[in-house]
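Asks: this one's sequence-less:
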């Protein structure tokens, strides 16, 4: 009986110790969770503010192209995915669909990808260039 | 200033939730009141979210939603004030006795130590929450992909808010996800007139600490303060729990509602007429004999048992309004409770559960009728059949389940080991009357987990990717409810003296 009692006390003590250790470990980890006073999401979003101001429409569906749409371009798929999601977040309530089927297309392209894309689509779009490799393309012939 | 505004904007919703729960279940006692406060946080936020959804459908622009909340709050305050005054005499004797009987005291030194460690853990959790939040003030990846994105769609263009449900959105944005978290953010932004990024953070924090508080106060009522403290300490030590709670995603709200449904149903067992002290029941009967039964007396007798089932149903419904996983929780709860209540010839209880469930479920049904189909059920029946008959998928799921159980919580020693040891060293200790109910609630959690495994079996996405990104969160969703049932079932720490 005494042994059982000691075992119970020891077990509870151990659980409390390990719990506290885990809680403190997580607290220490949170120090490396990001940088205070630098908001990556807001930073990404600010790149698209002038694009939104240029758009003549307030809602609807926009096209979206990035390096992953350019044949031969170098890109990290996970980065492209995250950028697409961040861009959609920035552009809400617009719906951003990948591709060039819309009248207005938002581009997030490296300079090389942009040059390649312009070569492919020469004369089909009017380009608006912004800081941070951000582009807005307006399809000229809406019947296509 | 933006933090203060974000906190203030949610106060009416939280107060409405607390007063509603208090009016329905006028139980006295410190822990009962605290339990109702934490329950009220979820009830209030759930209710405002449902109401705002209706308003979006009817008057999407310019509706003064915060004013409506304040009016509801004032009405509830008035009713509560009158009810309290009327009940003061009727329940004076009973409450003083039951309070003494139901408010656990810190009597054992081990309970005292766990209590102080609980306070330390709360401070560490608060520090972790703040630390994470100031570094990622827009939350985790899913927050801006799903919940805050949907909130932006609603807030920025309320007249066309249904664009957030568009099938044109990339599947990863999960246009079919229920709107509890998003709509609460949207109405708060609309009330403040600005897209304050602290708003989702505050809502996330409210659910995080309400979940801890709910677990603690529910266990403190059915067991002791030692058990309640240890369970809360363990919950806060799970790194994924605090990370989810800081990440502005819907997992912690979901676990809150699942725990709330399970805990209120368990308290119904503990506070059923059989569990009310006979002295208190005699006083109630004497009062009834002397005077015609007042509504307050009627409510008291109804409230002690059945109203908790209504609240439990409402909480289960809100789980479904929070995340699609909550829909599974509703389904398994209804099925299991049907069997339990049918066996005990108390199907009336199932009707009470259905009463609570009805409002959220009606909203969910309408919502699902206007959203695109979820990504998990895409593909033909033949595709699903192929996946179901693929043995390698079973093996991968079982392997992942085993490894998740061993590594869950991020402890240096497997948490599962401690749980098993606790069970064997402390033994199960449940009253016969509530044993059946606890078994049923445990089966609900087991079926919930099995339901998750079944979804993994049929998912059209890469199974390894799906397991890697969601499995730990699925187990975490069940964990607070499991902790509650587990600690409520084992012998009281007072027995150590």
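Replies: Noted; the coordinates are in hand. All figures in this text were calculated on a predicted structure; none of them were measured in a lab. Numbers count the residues shown, from 1 in each chain, chains lettered A, B, ... in the order given.
Asks: mind giving me the packing neighbours of the biggest helix by length in chain A?
Replies: Using DSSP state H to define each element, chain A has its longest helix at helix A:2-30. Helix A:2-30 is packed against helix B:109-135, helix B:225-237, helix B:239-246, helix B:415-426, with contacts defined by 3 or more Cβ pairs under 8 Å, 6 or more residues apart in numbering or on different chains; DSSP states H and E. To be clear about C-beta, it is placed using only N, CA and C from the backbone, and glycine gets the same treatment.
Asks: residues of it that come out buried?
Replies: A:8, A:11-12, A:15-16, A:18-20, A:22-24, A:26-27, A:30 (16 or more other Cβ atoms under 10 Å in any protein chain shown).
Asks: any idea how far residue B:186 is from residue B:200?
Replies: Applying Cβ to Cβ, to the nearest Å, the value for residue B:186 to residue B:200 is 10 Å.
Asks: which neighbours do those two share?
Replies: Counting by Cβ atoms under 8 Å, 6 or more residues apart in numbering or on different chains, the shared contacts of residue B:186 and residue B:200 are residue B:151.
Asks: re the thing from before, of all the helices and strands packed on helix A:2-30, which gets the most neighbours per residue?
Replies: helix B:225-237 (a mean of 27; mean count of other Cβ atoms under 10 Å in any protein chain shown).
Asks: okay, angle between that one and helix B:109-135 too, please.
Replies: With axes from the mean of the first three to the mean of the last three Cα atoms, to 10 degrees as the criterion, the two stretches helix B:225-237 and helix B:109-135 enclose an angle of 30 degrees.
Asks: in three-state terms, label residue B:60 for me.
Replies: Residue B:60 carries the three-state label coil when classified by DSSP: H, G, I helix; E, B strand; the rest coil.
Asks: quick one: it from chain A, how far?
Replies: Using Cβ to the nearest Cβ, to the nearest Å, one obtains 12 Å as the distance from residue B:60 to chain A.
Asks: which non-adjacent residue is nearest that residue?
Replies: Setting aside the residues directly before and after it, residue B:60 is nearest to residue B:158 in space (Cβ to Cβ, 6 or more residues apart in numbering or on different chains), at 4.4 Å.
Asks: make sure residue B:71 is indeed in a strand.
Replies: No - the assignment for residue B:71, made by three-state DSSP, is helix rather than a strand.
Asks: wouldn't the residue nearest to residue B:60 be in contact with residue B:190 here?
Replies: Yes - using Cβ atoms under 8 Å, residue B:158 is in contact with residue B:190, at 7.3 Å.
Asks: next, count neighbours for the residue nearest to residue B:60.
Replies: Burial measure for residue B:158: 19 neighbouring residues, criterion other Cβ atoms under 10 Å in any protein chain shown.
Asks: in terms of pLDDT, where does it sit?
Replies: Predicted confidence (pLDDT) at residue B:158: the value is 95.
Asks: which residues does it contact?
Replies: For residue B:158, the contacting residues are B:56, B:60-61, B:190, taking Cβ under 8 Å, 6+ apart as the criterion.
Asks: residue A:91 too?
Replies: If you count contacts by Cβ under 8 Å, 6+ apart, then residue A:91 has A:48, A:52, A:62, A:106 around it.
Asks: mind giving me the ChimeraX command for buried ones among the residues you listed?
Replies: Below is the selection syntax for ChimeraX that covers the buried ones among those, with 16+ other Cβ under 10 Å defining burial:
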select /A:48,62,106
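Asks: what sits closest to residue A:88 if chain neighbours are left out?
Replies: With sequence-adjacent residues excluded and distances taken as Cβ to Cβ, 6+ apart, residue A:88 is closest to residue A:96, at 4.5 Å.
Asks: confirm for me that the one you found is in contact with residue A:60.
Replies: No - because the distance of 10.5 Å does not satisfy Cβ under 8 Å, residue A:96 is recorded as not touching residue A:60.
Asks: identify the residue of the stretch 251-400 of chain B closest to chain A, quick one.
Replies: Nearest residue of the stretch 251-400 of chain B to chain A, counting by Cβ to the nearest Cβ: residue B:372, 12.3 Å away.
Asks: quick one on the thing from earlier: more neighbours: residue A:96 and residue A:60, which one.
Replies: Neighbour count, other Cβ under 10 Å: between residue A:96 and residue A:60, residue A:96 has more, with 23 against 14.
Asks: bridged to that one, which residues?
Replies: According to DSSP bridges, the residues that bridge with residue A:96 are residue A:62.
Asks: can you pull the pLDDT of it?
Replies: With respect to pLDDT, residue A:96 scores 96.
Asks: low-confidence ranges, the chain, go.
Replies: Unless you meant another one, I'm taking chain A. Counting by pLDDT under 70, the low-confidence segments of chain A come to A:1, A:142-144.
Asks: sorry, should have said chain B
Replies: Per-residue confidence of chain B (counting by pLDDT under 70) places the weak regions at B:1, B:89-108, B:270-304, B:432-433, B:494-497.
Asks: now do the contacts for the closest residue to residue B:227 other than its chain neighbours.
Replies: Among residues not flanking residue B:227 along the chain, residue B:487 sits closest, at 4.7 Å (Cβ to Cβ, 6+ apart). With contacts defined as Cβ under 8 Å, 6+ apart, residue B:487 is in contact with B:219, B:223, B:227-228, B:230-231.
Asks: now the residues you listed as TSV including distance to residue B:330?
Replies: Listed next are these as TSV, based on distance: Cβ to Cβ, whole Å:
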residue	distance to residue B:330
B:219	24
B:223	27
B:227	29
B:228	27
B:230	30
B:231	25
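Asks: check these and tell me the two furthest apart.
Replies: Based on Cβ to Cβ, the longest span within those runs between B:223 and B:230 and measures 10.1 Å.
Asks: so residue B:198 sits against residue B:9, correct?
Replies: No - using Cβ under 8 Å, residue B:198 is not in contact with residue B:9, being 9.8 Å away.
Asks: so what are the domain limits for chain A?
Replies: For chain A, whose domains are defined here by automatic domain parsing, the residue ranges read A:1-33, A:40-139.
Asks: tell me the secondary structure at residue A:129.
Replies: strand.
Asks: any idea what it is bridged to?
Replies: Assigned bridge partners for residue A:129, using DSSP bridges, are residue A:135.
Asks: ok, how many other residues are close to it?
Replies: Residue neighbour count, defined by other Cβ under 10 Å, stands at 10 for residue A:129.
Asks: from residue A:59, how far off is it?
Replies: Distance of residue A:129 to residue A:59, given as Cβ to Cβ: 24 Å.
Asks: swap in residue B:189?
Replies: 17 Å.
Asks: got it, and residue B:341?
Replies: Residue B:341 is 49 Å from residue A:59, where distance means Cβ to Cβ.
Asks: quick one: which of these two has more around it?
Replies: Neighbours around residue B:341 and residue A:59, counted as other Cβ under 10 Å, are more numerous at residue B:341. The numbers are 20 against 16.
Asks: surely the more buried one touches residue B:347?
Replies: Yes - judged on Cβ under 8 Å, residue B:341 makes contact with residue B:347 at a distance of 5.3 Å.
Asks: which parts of stretch A:44-61 are buried?
Replies: Counting neighbours by 16+ other Cβ under 10 Å, stretch A:44-61 gives A:44-45, A:47-48, A:51, A:55, A:59, A:61 as buried.
Asks: about what we covered before: can you put the helices and strands packed on helix A:2-30 in JSON lines and add distance to residue B:40?
Replies: What follows is these, written out as JSON lines (distance: least, Cβ to Cβ, whole Å):
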{"stretch": "helix B:109-135", "distance to residue B:40": "19"}
{"stretch": "helix B:225-237", "distance to residue B:40": "18"}
{"stretch": "helix B:239-246", "distance to residue B:40": "18"}
{"stretch": "helix B:415-426", "distance to residue B:40": "30"}
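Asks: what is the burial count for residue A:118?
Replies: By other Cβ under 10 Å, 16 other residues sit near residue A:118.
Asks: need the contact list for it.
Replies: Listed by Cβ under 8 Å, 6+ apart, the contact partners of residue A:118 are residue A:127.
Asks: quick check: residues of the stretch 1-150 of chain B near chain A?
Replies: Within the stretch 1-150 of chain B, the positions near chain A by Cβ under 8 Å from any Cβ of the partner chain are B:110, B:113-114, B:117, B:120-121, B:124-125, B:127-128, B:131-132, B:134-138, B:141, B:144-145, B:148-149.
Asks: with that, I have no additional questions.
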